[in-house]
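# Got a predicted model here, sequence first, then my questions.
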Amino acid sequence: MASQLSIAPYISHIIPPTTLQGIAKQWLAEDVPSFDIAACVVGDKPEECVLLCKSPGVLCGVPFFNAVFQQLNCDVTWFIAEGTYIDDTPSRIAVVKGPASCILQGERPALNCIARASGIATHARELRRIREEYTWEGQIAGTRKTTPGFRLVEKYALLIGGISTHRYDLSSMVMLKDNHIWSMGSISAAVKRTREIGGFSIKIEVECRSIEEAIEAAKSGADIAMLDNWSPDSAKTAAEQLKNDFPHLIIECSGGIRKDNCHLYFSQNIDVVSMSSTTQGYGVVDFSLKVKRDDIDITNPLRDRIKQ
């Protein structure tokens, strides 16, 4: 198992406990809107279930997993820390104890969360590795292209993986895109009105399709110029010119950037490279939760063929 990101143990503290409880309640209510008839099979018998990680990846989503089972009066003991890369699979990474019916009610929401969160964190960790391999000092960031209702988990997973979340939502930072500009009439007018309303406490980013638009954005007082859908060479050339004329302007590149080509945008004049693949179309890490049995090796993929 590879070492975890050094700040991973502290990241979970940014999520308020009340927020975690609210999310867990919502997930459970969605999955059990009325009766759980299968619960009559197991009742409230005390049970112990083992959480298995069955494919390599970064463990992510521990606070959400815990919150689900806290709502159901179950206890979770972890053997692996959040943010750790697990390559020895299948591995027993946690134990959940509590009434059998409660464990099984929380099983699917909890597994759904950590499977997806771990998939995002694993992808983010790979992007961070690429950045470090090329010794680039800038930041790789996600985007606001998140899953409705699952944004908090996805943004959290980016941090566990070691990259930037970018803006969390529309209230976090102002990004003036082409539709804003076209509706307002010009970049200068849009930036001016934004600054009048938002004041000094916000950052303003402008999506730019040309060097002329980027210069207009910088002269208007924008903090960030996003070079959207630019080729690596054109972006590097423009970024050098912009940094020479506006040293404090943050330069971001986005659009069509993926894991296999992001390194082409790494430059001392480019500060941020963002991509939507971090929260769209990501893979998952395979987890399962199994009742502990002394007569069966639950890590054996052929366990269902073993005669009882």
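Cool, got the structure.
# can you pull the buried residues of stretch 152-170?
Across stretch 152-170, burial judged by 16 or more other C-beta atoms under 10 Å covers 153-167. (Glycine included, C-beta is placed from N, CA and C.)
# now it: mean pLDDT?
The average pLDDT within stretch 152-170 is 95.
# again, but for stretch 27-39
On average, stretch 27-39 scores 94.
# Between its first and last residues, how far does it reach?
Between the opening and closing residues of stretch 27-39 lies a distance of 18 Å (C-alpha to C-alpha, to the nearest Å).
# Then stretch 197-208?
22 Å.
# Just the strands from the stretch 51-200 of the chain, written as ranges.
57-58, 75-78, 85-86, 91-99, 139-141, 174-176 (DSSP state E, counting those that start in this stretch).
# how about low-confidence regions in the chain?
Across the chain, the ranges flagged by pLDDT under 70 are 1-6, 294-308.
# What residue spans form the domains of it?
Domain assignment for the chain, taken from automatic domain parsing, gives 8-127+283-305, 136-278.
# Run a quick neighbour tally on Glu132.
Neighbour count for Glu132, taken as other C-beta atoms under 10 Å: 10.
# Just give me the neighbour total for Ile93.
Per other C-beta under 10 Å, the neighbour tally for Ile93 reads 21.
# Not counting sequence-adjacent ones, nearest residue to it?
With C-beta to C-beta, 6 or more residues apart in numbering as the criterion, Ile93 has its nearest non-adjacent residue at 4.3 Å, and that residue is Ile80.
# In this structure, what residue spans correspond to helices?
Ranges of helices in the chain, per DSSP state H, are 8-11, 17-31, 39-42, 62-71, 100-133, 151-161, 178-184, 187-198, 211-219, 232-245.
# quick one: contacts of the fourth one?
Which is helix 62-71. 12, 15, 20-21, 23-25, 27-28, 75-76, 78, 82, 94, 96, 98, 102-103, 106, 109-110, 113-114, 117, 153, 156 (C-beta atoms under 8 Å, 6 or more residues apart in numbering).
# ok now do Arg209, which residues does it touch?
Contacts of Arg209 by C-beta under 8 Å, 6+ apart are Asp178, Asp228, Asn229.
# From what I see, the second one and Ile251 are in contact.
No: with contacts counted by C-beta atoms under 8 Å, Asp228 stays clear of Ile251, the gap being 11.8 Å.
# So which of these two has more stuff around it?
Just comparing Asp228 and Ile251: by other C-beta under 10 Å the higher neighbour count belongs to Ile251, 26 against 19.
# count of neighbours near the residue nearest to the more buried one when sequence neighbours are not counted?
Spatial nearest neighbour of Ile251, excluding adjacent residues (C-beta to C-beta, 6+ apart): Ala239 at 4.6 Å. Applying other C-beta under 10 Å, we find 25 residues neighbouring Ala239.
# One more: Asn261?
Using other C-beta under 10 Å: Asn261 sits among 12 other residues.
# how about the residue lying closest to it once chain neighbours are set aside, what does it touch?
What sits nearest to Asn261 in space, not counting adjacent residues and going by C-beta to C-beta, 6+ apart, is Pro232, at 7.5 Å. If a contact means C-beta under 8 Å, 6+ apart, then Pro232 has Asn261, Leu264, Tyr265 as its contacts.
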